[in-house]
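Novice: how would this look folded up:
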Amino acid sequence: MCGILGVVAKNPVNQILYDGLLVLQHRGQDAAGIVTAEGATFHMHKGGGMVRDVFRTRNMRTLVGHAGIAHTRYPTAGSAWSAAESQPLYVNSPFGIVLAHNGNLTNTEQLKSELFQQDLRHVNTNSDSEVLLNVLAHELQEGATNYKLDPATIFAAVSGVHRRCRGAYAVVAMIAGYGLLAFRDPYGIRPLVFGRAETAGGYEYQVASESVALDTLGFELVRDVAPGEAIFIDMEGNFFSRQCAANPSLNPCIFEFVYLARPDSVIDGISVYETRLRMGESLAEKIQRDYAHLDIDVVIPIPDSSRPAAMELSKHLNVPYREGFIKNRYIGRTFIMPGQAIRRRSVRQKLNAIGMEFKDKNVLLVDDSIVRGNTSSEIVQMARESGARRVFFASAAPPVRFANVYGIDMPTRDELIANGRSEAEIAREVGCDELIYQDLDALTNAVRSVNPKVKRFEDSCFSGVYITGDVTREYLDVVEAQRRDGAKQADMAAAATQLDLGLELVD
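Specialist: This next block holds a predicted model:
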């Protein structure tokens, strides 16, 4: 999960790109980068950390130009921030191209071999984004006549990317002297939208991971980029689009609606906020049907993304809703953090209980999902320490039993609390008196009901069904080996050293 942004405007875009990254900060706090285009010249600044920490006034002054792209990143496949892998990435042959990518390729190793042996291109990092960039550069080179590009040639190159690359990818790229290119994988797994703003000089365009980046910057949402589609906006602001995949189908990642996306975003015509309300409604129906014996005194959300579901659940159960936890907003997302000890300590720093809302009550806690279970068990313990008589726990999502390989850094299977356990066993691990999971059919129906045109979702972390059809057990074993906590902690220690060195040189 990363945030990507691209803008072609009539005025300098550095501030728009910076502000857009702030809005997309929830999609990654590991690194951030901006590239602007001034004619055929790129200006770049990127680094590790939060957006506000990466960019200073002196950096922003160097980012001149009326077009550009930006990226905010969290690492996948066990990697931490490194200067070489932070995005946007750049290649200079045969055209200057910068690229930012959200997602994950599932045939990276095969593509690396093809690039080296057939395309005569060298990939210098472990980043699948660098692989994707070089595939695009090669396809542009193959289609160009006399090293000249036009929209038809660019779209043909994207068709070549679709033929070769597997997995999930939403991409923004700048081609030096030509313009902004954006495209989405043929399954439409990762989100990508575009909008425009009318000015005296004509339309300005923005492409982003979520519609909220358009709303807050004064752009009107036009629509989502379709699965397999590419759009190209030249430096004069002329807009072109084409379907570049042979058999596209829309299968948006359902975890975006559960947890990842901001509630004020609209993805593939689906309001994230409305889906979370409907998740709460379907949870309430399940509790009324199967758990009517529970004597619930109060419904309390685990802030923040579970609030809409908890409010709607409370309404349908006719049980009071209360805020029982106060959140420290300066702590990162705990399921992404490495190491159990760090995650558990982080929960206590992140949340603090309001004792009066728990004392002598039967409490129903509502969370968006349960991944490792460390956060859940600490929260249940906090509720008991605050005087709760009984603690029930409801998840707005089904059990997470499988790894995600499409751009979300889900833990390994043996770290997922639901893997190989029944709901009763999970309840004992978490320490609650009753555990209630959303059913997968109910979750799917809750999301689909907002836009019935979306027939299918990418739900592999719940179902184990990988929609691209190329994910084998051997591939999962390799991915999970990279994601294990020990490897990740080593990577992060190395990255911290590298960051310290980098800051010393800069300062």
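
Novice: Okay, domains of the protein per the record?
Specialist: Here the domain parsing of the chain from automatic domain parsing is 3-250, 274-455.

Novice: In CSV: these, plus mean pLDDT.
Specialist: Below are the domains of the chain laid out as CSV (pLDDT from 0 to 100):
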stretch, mean pLDDT
domain 3-250, 94
domain 274-455, 90
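
Novice: Tell me which of those domains lies nearest to residue 472.
Specialist: Nearest to residue 472, of all the domains of the chain, is domain 3-250, at 9.5 Å by Cβ to Cβ. Any C-beta I mention is one placed from the backbone N, CA and C, and that applies to glycine too.

Novice: Please, which helix or strand holds residue 16?
Specialist: Using DSSP states H and E, residue 16 maps to helix 14-23.

Novice: Ok, residue 352 next?
Specialist: According to DSSP H and E, residue 352 maps onto strand 351-353.

Novice: Also residue 292?
Specialist: For residue 292, there is no helix or strand it lies in under DSSP H and E.

Novice: Backbone dihedrals for it, please?
Specialist: When quoted as degrees, to the nearest 10, the phi and psi of residue 292 stand at phi -60, psi -20.

Novice: Would you quantify the distance from it to residue 262?
Specialist: Using Cβ to Cβ, to the nearest Å, one gets 34 Å for the distance from residue 292 to residue 262.

Novice: When the two are compared, which one has more neighbours?
Specialist: residue 262 (20 against 8; other Cβ atoms under 10 Å).

Novice: For the more buried one, list the residues it contacts.
Specialist: Contacts of residue 262 were listed using Cβ atoms under 8 Å, 6 or more residues apart in numbering, and they are 23, 26, 210, 212, 272.

Novice: Which ones among the residues you listed map onto helices?
Specialist: Residues of these located in helices (DSSP state H): 23, 212, 272.

Novice: Over to the residue lying closest to the second one once chain neighbours are set aside: give its phi and psi.
Specialist: Right, residue 212. Distances taken as Cβ to Cβ, 6 or more residues apart in numbering put residue 265 closest to residue 212, at 4.5 Å, once the chain neighbours are dropped. Taking degrees, to the nearest 10, you get phi -90, psi 160 for the backbone angles of residue 265.

Novice: Just give me the neighbour total for residue 265.
Specialist: Here the number of neighbours of residue 265 (other Cβ under 10 Å) works out to 26.

Novice: confidence score at it?
Specialist: The score at residue 265 is 97. That number is its pLDDT.

Novice: surely it meets residue 211?
Specialist: Yes - Residue 265 is within contact range of residue 211, at 5.0 Å (criterion: Cβ atoms under 8 Å).

Novice: any idea how far residue 358 lies from residue 301?
Specialist: Applying Cβ to Cβ, the value for residue 358 to residue 301 is 13 Å.

Novice: what do you get for residue 429?
Specialist: Distance from residue 429 to residue 301, by Cβ to Cβ: 21 Å.

Novice: Residue 275 too?
Specialist: Distance from residue 275 to residue 301, counting by Cβ to Cβ: 16 Å.

Novice: circling back: with distance to residue 476 and neighbour count as new columns, can the contacts of residue 262 be given to me in TSV?
Specialist: Output for the contacts of residue 262, formatted as TSV (distance: Cβ to Cβ, whole Å; neighbours: other Cβ atoms under 10 Å):
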residue	distance to residue 476	neighbour count
23	34	24
26	27	18
210	28	27
212	33	22
272	28	25
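
Novice: a markdown table for those residues, including distance to residue 35?
Specialist: Listed next are those as a markdown table, based on distance: Cβ to Cβ, whole Å:
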| residue | distance to residue 35 |
| --- | --- |
| 23 | 18 |
| 26 | 22 |
| 210 | 20 |
| 212 | 22 |
| 272 | 28 |
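
Novice: What is the nearest of those to residue 347?
Specialist: Proximity of these to residue 347 (Cβ to Cβ) peaks at residue 26, which lies at 18.3 Å.

Novice: Right, I'll leave it there.
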